[in-house]
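Novice: sequence first, then the predicted structure, then my questions.
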Amino acid sequence: MEKILVVVDMQNDFIDGSLGTEEARNIVEPVCEKIKKFDGVIFLTLDTHSDDYLETLEGRHLPVEHCIANTEGWLINSFIRNALKSKNYAFIEKEIFGSMKLVDKIAKILDKGVKGSIEIVGLCSDICVISNALMLRSAFPDTEITVDASCCAGVTPEKHKAAMEVMKSCQINVIGE
């Protein structure tokens, strides 16, 4: 059985940069511990925008520049990077909340008749975590998908909690509440 861990957008801008929150900073250590203990394939998504971000649809709705490619804010947090040492991992850049590239990469593993499980952690629970979780649920209807709430943070604690409830409704296991 193949075990897959998806680490969503644990980037500097979401932790202590332009969109950082105390809740995001508080999950860095638990996410590091999960990575260190994980025995399987790890995919890390990178929210990736260009210099014209404010002119995009997302930029008009969220007018805060963040995760501009190749900037300090775009990089995966240094503690997370250190936790990846000697792990089997890959980075996946994404331009919007959910990632078809992520689905495709996981499909190459699971569509070979290999049974598997997917666990998801990261930021932000109510935007990118839930988007990827629901895409994966749709793509892999018979695969156990789990979100560790203790290793996720939302834009606000209330939105985090609401996202966990929606995922439960969509038959995604939520642990760590």
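Specialist: Arrived safely, thanks for sending. Numbers count the residues shown, from 1 in each chain.

Novice: tell me what the lengthiest helix in the chain is packed against?
Specialist: The longest helix of the chain (DSSP state H) is helix 22-37. Packed against helix 22-37 by the contact rule (3 or more C-beta pairs under 8 Å, 6 or more residues apart in numbering; DSSP states H and E) you find strand 2-8, helix 12-15, helix 78-83, strand 116-123, strand 144-153. Bear in mind the C-beta positions are built from the backbone N, C-alpha and C, glycine included.

Novice: hmm, who's touching it?
Specialist: For helix 22-37, contacts defined as C-beta atoms under 8 Å, 6 or more residues apart in numbering pick out 5, 7, 10, 14-16, 42, 77, 79-80, 82-84, 87, 119, 121-124, 148, 150-154, 157, 160.

Novice: make it 7 Å
Specialist: For helix 22-37, contacts defined as C-beta atoms under 7 Å, 6 or more residues apart in numbering pick out 7, 10, 14-16, 42, 77, 79-80, 83-84, 87, 121, 123, 148, 150-153, 157.

Novice: beta partners for F91?
Specialist: Beta bridges link F91 to L44, judged by DSSP bridges.

Novice: that one contacts L44, correct?
Specialist: Yes. Between F91 and L44 there is a contact under C-beta atoms under 7 Å: 5.2 Å.
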